[in-house]
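> Generate coordinates for the sequence data below:
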Amino acid sequence: MSLERVIVDTLRAEVKPAMGCTEPVAVALAVAKAKEMCQAGSTRETDGMMLEIKVSPNIFKNGLSVGIPGTDQVGLVVASALGLLTCYSDDGLEVFKHVKQSDIEGAFKVIDEDRIKLGILDTDKKVLIDARVVCGDAFGRAVIQDRHDQFVFVESHAGVVFEAEAVCAEDEAVNPIYETPLSEVIRVVESLPFEDLAFLLDGFEMNRAVAEYGLANDSGMNVGRTLEENTRKGILSRDLMNRAMILTAAASDARMSGVSLPVMSSNGSGNNGLTALLPIVAYAETNPTSPDRLARAAAISHLVNSVIKYNIGRLSALCGCGVAAGTGASVAITWLMGGSVIQMEGAIQNMIANTTGMICDGAKVGCSLKLATSASAAIQSSLLAIGNVVVPSGNGVIGKTADETIKNLGYLSKNAMDVVDRVILNVMMGARTSVK
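Numbering: from 1, shown residues only. This is a model prediction of the structure:
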């Protein structure tokens with residue numbers, strides 16, 4: 001398959017609408033599928049159904065404190081109850097789109113009846129959810145792995161419905177994009193027909209709508225709204241960096257509080273999607289940009305995000321918005337400003353030098369602060385790179401090339417951050433025990 005086709009297929013697989021934080025979304029999705037399997041061939045009601053759900057540590061961490069769309073509730077237990085009662089697996093990452101505040105009473109009834117058992121799996125997998133629903137002699141089971149909407153095993157009392165073919169790690173094919181220099185990936189994006197990339201424009205409208213909601217309504221921590229108020233007072237200037245911060249933070253405020261609006265996700269994360277696109281929106285507000293160039297900028301941003309996330313892990317102790325999505329936005333803006341390949345690589349070097357220390361301590365309303373920081377750093381890194389100001393190789397994790405730096409970041413994540421992840425999880429659960 002040509003690199004052109006791989007790039008388009010990757011974008012279509014990794015850039016999808018999602019409603020709500022993708023960790024509770026994925027949990028509800030797995031539960032909904034397991035429920036449907038339990039109901040297979042019958043009109044069996046959900047009353048009396050028992051649910052056992054086990055998730056990877058990263059899923060648990062990212063779903064512990066984040067809002068559920070359509071409600072004023074947070075967390076994986078509530079998400080599981082709603083998955084059992086009101087969600088449909090056909091809705092994919094928009095599984096919460098039918099959920100209303102009035103559904104909470106039923107969800108709490110399920111919880112109070114002790115019908116949900118939530119556990120943490122002992123696994124190195126970042127994305128792994130195993131949901132089992134039992135009702136009398138009927139049961140259903142659904143397992144999601146690696147991607148938030150990727151089922152690898154589905155079973156009912158009638159037998160196995162679907163099982164993905166097992167692949168040994170050494171035999172697993174690596175997406176060619178992840179082994180291709182980013183400069184070549186960008187060159188191919190520049191040459192693709194606009195029709196292949198036009199679908200990416202939907203993400204700008206979708207994510208901007210969430211940002212506008214966050215600016216107009218009391219949402220989350222109101223980071224974006226408060227920054228915007230300070231621009232009206234004249235305390236902050238109305239410049240590109242602040243506008244990128246305001247839009248990105250406001251969208252996160254709304255999303256993390258559970259607003260019932262979809263966002264265009266990137267590499268399995270809605271917040272990554274916000275960070276990858278909204279700084280570009282801020283740039284385009286004062287720099288008229290054609291739909292063709294906007295679509296290519298979106299493709300560049302999403303692909304850079306995907307490459308970095310491949311290296312550090314789809315879920316990581318490093319903040320994906322800070323080190324991956326923000327870097328994608330910075331490269332895309334550098335490209336829109338007419339930057340050379342060397343300058344685009346410089347934007348990567350600057351971003352990773354700046355944001356590598358940002359950790360992920362779960363999805364929550366406070367994420368809007370990190371998204372604001374990432375959006376600001378994206379503009380800063382781009383402007384510096386355009387001015388040929390780039391962090392030199394040998395400074396910390398910065399390699400001789402942008403591709404080498406990304407690999408260094410991946411080495412750091414995979415060899416040092418597992419312990420960090422476990423410590424963060426202990427702290428979040430109030431168990432400040434030592435981790436070996």
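> what packs against the one helix or strand residue 305 maps to?
For residue 305, the host element (DSSP states H and E) is helix 291-312. Judged by 3 or more CB pairs under 8 Å, 6 or more residues apart in numbering; DSSP states H and E, the packing partners of helix 291-312 are helix 3-14, helix 182-191, helix 194-197, helix 201-216, helix 270-286, helix 320, helix 326-336, helix 402-428. All C-beta atoms are positioned from the backbone trio N, CA, C, and that covers glycine.
> in the chain, which ranges drop under the pLDDT threshold?
Along the chain, segments meeting pLDDT under 70 span 41, 43, 166-172, 431-436.
> ok so, going back, angle of the helix holding residue 305 against helix 326-336?
Interaxial angle of helix 291-312 relative to helix 326-336 (axes from the mean of the first three to the mean of the last three CA atoms, to 10 degrees): 150 degrees.
> Output helix 291-312 as CSV, nothing but the C-alphas.
C-alpha atoms of helix 291-312 as CSV (Å, rounded to 0.1, in the frame of the first residue of the first chain):
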residue,chain,number,x,y,z
PRO,A,291,-10.0,25.3,3.2
ASP,A,292,-7.3,23.4,1.2
ARG,A,293,-4.5,24.7,3.5
LEU,A,294,-6.6,24.3,6.6
ALA,A,295,-7.3,20.7,5.8
ARG,A,296,-3.5,20.0,5.2
ALA,A,297,-2.6,21.8,8.4
ALA,A,298,-5.1,19.6,10.3
ALA,A,299,-3.6,16.5,8.7
ILE,A,300,-0.1,17.6,9.7
SER,A,301,-1.2,18.3,13.3
HIS,A,302,-3.0,15.0,13.7
LEU,A,303,-0.2,13.0,12.1
VAL,A,304,2.5,14.5,14.3
ASN,A,305,0.4,13.9,17.3
SER,A,306,-0.1,10.2,16.2
VAL,A,307,3.6,9.7,15.6
ILE,A,308,4.5,11.0,19.0
LYS,A,309,1.7,9.1,20.7
TYR,A,310,3.0,5.9,19.0
ASN,A,311,6.4,6.5,20.6
ILE,A,312,5.2,7.5,24.1
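> ok, now how distant is the one residue sitting closest to the centre of the chain from residue 314?
Closest residue to the average C-alpha location of the chain: residue 269 at 1.0 Å, with CA atoms, centre = their mean. Separation of residue 269 from residue 314 (CB to CB, to the nearest Å): 8 Å.
> How about residue 190?
Going from residue 190 to residue 314 by CB to CB gives 27 Å.
> more neighbours, those two?
Comparing residue 190 with residue 314 by neighbour count (other CB atoms under 10 Å), the higher total belongs to residue 314, at 19 against 12.
> Verify the stated contact: that one with residue 128.
No. Using CB atoms under 8 Å, residue 314 makes no contact with residue 128, being 11.0 Å away.
> Please name the residues that touch residue 67.
20, 21, 73, 74, 220, 255, 256, 257, 258, 259, 365 (CB atoms under 8 Å, 6 or more residues apart in numbering).
> any idea which element the closest residue to residue 224 other than its chain neighbours lies in?
In space, residue 224 comes closest to residue 250 once its chain neighbours are excluded; the distance is 2.6 Å by CB to CB, 6 or more residues apart in numbering. Take DSSP H and E as the rule and residue 250 turns out to sit in helix 240-256.
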